[in-house]
Each structure stands twice: as structure tokens, then as C-alpha cells.
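Engineer: I need the structure of the sequence given here:
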Amino acid sequence: ISPAQLLEAIRSGPGSTAGRIFYYVRLPRTAGCLLAGAALSTAGCVIQNVLLNPLASPNIIGINAGAGLAVTVCCAFGWLSGWALAGAAFGGAFLAVMLVSCAAGLAGASRTTVILSGVAVNAFLGAISDTVTNLVPDAAVLSGDFRVGGFGSVVTARLVPVGVLILLALAAVFVLHNELEVLSLGEDTARSLGLNAGRMRTVFLGLSAVLCGAAVSFAGLLGFVGLIVPHAVRRLAGTACHRLLPLCALWGGTFVTVCDLISRLLFRPRELPVGILLSALGG
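Structural biologist: Numbering: from 1, shown residues only. Next up is the predicted model:
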């Protein structure tokens with residue numbers, strides 16, 4: 001679509017071919033890239049600060065796997081509405097992050113224990129998900145693209161409910177940046193400064209589960225966004241949460257959008273799922 005056709009499509013609406021391509025294909029896909037990238041990178045930053053571990057990220061400690069299992073179960077039962085997928089993905093993500101947190105706490109909560117607990121939860125939930133797809137072949141077909149990760153099937157009807165959840169969760173995280181700053185000093189220090197560390201830890205893990213679950217429900221199991229972006233932003237902007245969190249959202253959305261553009265054009269007319277490119281870059 002040329003720039004002139006694009007301007008005409010925006011002005012005239014989805015009546016023309018160019019207008020339908022813009023409003024029904026390009027606009028939802030770009031909005032999905034921005035929302036998913038912002039959600040996953042911000043969630044990764046929050047998780048790293050809360051768990052005090054630079055390796056913690058949604059795909060490594062099992063949060064994506066929990067959301068993925070929930071979406072696979074929804075596909076098996078035919079619950080494919082936007083709100084059902086978003087709610088189930090949040091529930092699965094929250095279950096996974098609480099399992100990791102509890103397991104690490106029982107075993108001493110060292111940095112190594114957090115990662116090992118996440119790897120264990122990741123493998124366990126992945127095994128259950130594989131079992132569901134083997135027992136219900138239709139779920140395997142419906143969740144095949146989801147397990148790779150990509151934006152080729154994003155439509156407005158699925159994007160609106162999860163977009164609302166992502167924007168609300170991002171706003172809550174930004175408002176609570178002072179509490180996250182104190183919590184990142186360690187639970188003992190946070191308590192000595194008057195912060196209810198246990199409650200705020202649960203709040204931040206819940207918000208991270210909302211962000212990850214909502215993003216995974218329409219974008220699939222995108223890896224490494226929540227690990228790469230926060231570390232890149234810290235190198236440029238420091239560790240102060242009032243700067244770090246908004247920049248993670250901005251950089252994450254931009255990073256995923258650029259990667260999706262590259263994966264769409266690199267082998268055209270064939271399209272490479274962006275999850276493959278993100279995994280390669282993450283490695």
C-alpha cells in the first residue's frame with residue numbers, strides 16, 4: 001500500500017481494499033505487537049526486581065508455560081472467546097508464578113533456587129500441555145501456532161479485552177514504582193522501611209501474571225522478550241524504577257514490532273513466525 005493509498009484508506013474507512021487491509025490486518029497486528037512487547041518486557045522487569053534474580057523472566061520461570069497450558073485447555077473445550085482466553089491465561093500464569101515463588105521460598109529462596117524451581121515448573125506444565133494436545137487432537141491444531149508465537153491471527157475482537165487488561169496492569173505497575181523500588185532492596189530492608197513485603201510481592205507477581213497471561217493469550221509463547229529488554233534498558237537508563245518501567249514498555253513494544261516486521265518480510269511471500277526470530281535473538 002503506497003503512502004497515498006494509506007492516507008486515503010484512513011480517511012475513507014474500510015470500504016476499499018486498502019482500507020480493509022489497514023483496518024482488519026495491519027492495525028490489529030501492529031497494536032498486538034506493541035501491547036505484547038510492552039507487557040512481556042515490563043513483566044520481566046518486575047519479576048527480576050521482585051525475585052532479586054537477573055535471570056528471572058516469564059519464559060524461563062514457567063509463567064508463559066502456565067498461561068500456555070490454560071489456553072491449550074480452553075482450545076480442548078472449545079472456549080475461544082477473547083475474555084475466556086484472557087481470563088484462563090491469567091489464571092495459568094498466576095498459578096505458575098505462585099508455584100515458583102512458594103517452591104523457592106520453601107527451599108531457601110536463593111537466586112539459584114528460583115531459577116531451578118522455574119525450570120521444574122516449566123517442564124511440569126509443558127508435559128501436562130503436551131498430554132492434553134495428544135489426547136485432544138483438535139486442541140493441538142488450534143494451539144499449534146500459539147506454541148510457536150506470532151501475530152498472524154490477531155484480530156480486533158480478541159485484542160480488545162486483553163488490551164484493556166494490559167493497559168490497566170501497566171498503569172498499576174507504573175503507579176506502584178516506589179513500592180517496587182523498595183521491594184527490590186530485599187524483603188528484610190523493605191520491612192525495616194515499613195513496607196508489607198509479603199503482600200506487595202503477591203501484588204506485583206499478580207500484575208506480572210496479568211501482563212504475561214494477557215499477552216500470551218493472543219501472541220502465543222513468545223520467548224526472551226522479558227529477559228532481553230529489561231537488561232538492555234538498565235544499561236542505558238539505570239535501575240531507578242520510575243524510569244526503568246516506562247522505558248521497558250516502550251522498548252519492548254518497539255522491539256517486538258520491529259522483529260515482527262523483519263520476520264514478515266525476510267522470506268516473503270512466506271512468513272516466519274516472530275517467535276522463531278525472538279528465540280534466535282534471545283539465544
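Engineer: okay, CA-based contacts and neighbour counts for the rest of this
Structural biologist: Noted.
Engineer: residues contacting residue 16?
Structural biologist: Contacts for residue 16 (CA atoms under 8 Å, 6 or more residues apart in numbering) come out as residue 9.
Engineer: Could you tell me which ranges of the stretch 51-200 of the chain sit under the pLDDT cut-off?
Structural biologist: 82, 104-111, 139-146 (pLDDT under 70).
Engineer: For it, just list every one of the helices.
Structural biologist: Assigned by DSSP state H, counting those that start in this stretch, the stretch 51-200 of the chain shows helices spanning 63-77, 82-106, 111-135, 137-148, 156-175, 177-183, 187-192, 197-219.
Engineer: Keeping just the C-alphas, turn stretch 70-89 into CSV.
Structural biologist: C-alpha atoms of stretch 70-89 as CSV (Å, rounded to 0.1, in the frame of the first residue of the first chain):
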residue,chain,number,x,y,z
ALA,A,70,-4.5,-22.7,30.3
VAL,A,71,-5.0,-21.7,26.7
THR,A,72,-4.5,-25.3,25.5
VAL,A,73,-7.2,-26.5,27.9
CYS,A,74,-9.5,-23.7,26.5
CYS,A,75,-8.8,-25.0,23.0
ALA,A,76,-9.6,-28.5,24.1
PHE,A,77,-13.0,-27.5,25.5
GLY,A,78,-13.7,-25.0,22.6
TRP,A,79,-13.7,-21.9,24.8
LEU,A,80,-12.3,-19.5,22.2
SER,A,81,-13.8,-16.1,23.1
GLY,A,82,-11.4,-13.2,23.9
TRP,A,83,-12.4,-12.9,27.5
ALA,A,84,-12.3,-16.6,28.2
LEU,A,85,-8.8,-16.9,26.8
ALA,A,86,-7.6,-13.8,28.6
GLY,A,87,-9.0,-15.0,32.0
ALA,A,88,-7.7,-18.5,31.6
ALA,A,89,-4.2,-17.3,30.6
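Engineer: chain center to it, what's the gap?
Structural biologist: 16 Å (CA atoms, centre = their mean, to the nearest Å).
Engineer: The nearest residue to residue 154 once chain neighbours are set aside: neighbour count?
Structural biologist: Nearest residue to residue 154, sequence neighbours excluded (CA to CA, 6 or more residues apart in numbering): residue 29, at 5.8 Å. When counting by other CA atoms under 10 Å, one arrives at 24 neighbours for residue 29.
Engineer: In this structure residue 29 contacts residue 158, no?
Structural biologist: No. Using CA atoms under 8 Å as the test, residue 29 is too far from residue 158 to be in contact (11.2 Å).
Engineer: Now residue 269. Its backbone dihedrals?
Structural biologist: Here is the backbone geometry of residue 269 (degrees, to the nearest 10): phi -80, psi 0.
Engineer: no no, residue 238
Structural biologist: Residue torsions, per degrees, to the nearest 10, at residue 238 are phi 80, psi -170.
Engineer: Would you agree it is in contact with residue 244?
Structural biologist: Yes. At 7.1 Å, residue 238 counts as touching residue 244 under the criterion of CA under 8 Å.
Engineer: Please say which of those two ends up with more neighbours.
Structural biologist: residue 244 (22 against 12).
Engineer: Isn't that one up against residue 232?
Structural biologist: No. Contact criterion CA under 8 Å: residue 244 and residue 232 do not qualify, at 10.3 Å.
Engineer: Look up how far residue 224 lies from residue 113.
Structural biologist: Note on residue 113: its distance to residue 224, by CA to CA, to the nearest Å, is 20 Å.
Engineer: Counting neighbours around each, name which of these two comes out higher.
Structural biologist: Using other CA under 10 Å as the criterion, residue 113 and residue 224 rank with residue 224 on top: 22 against 18.
Engineer: How about the more buried one, nearest residue that isn't a chain neighbour?
Structural biologist: residue 282 (5.3 Å).
Engineer: And the pLDDT for that neighbour?
Structural biologist: For residue 282, the pLDDT comes out at 84.
Engineer: What is the neighbour count of it?
Structural biologist: With other CA under 10 Å as criterion, residue 282 counts 12.
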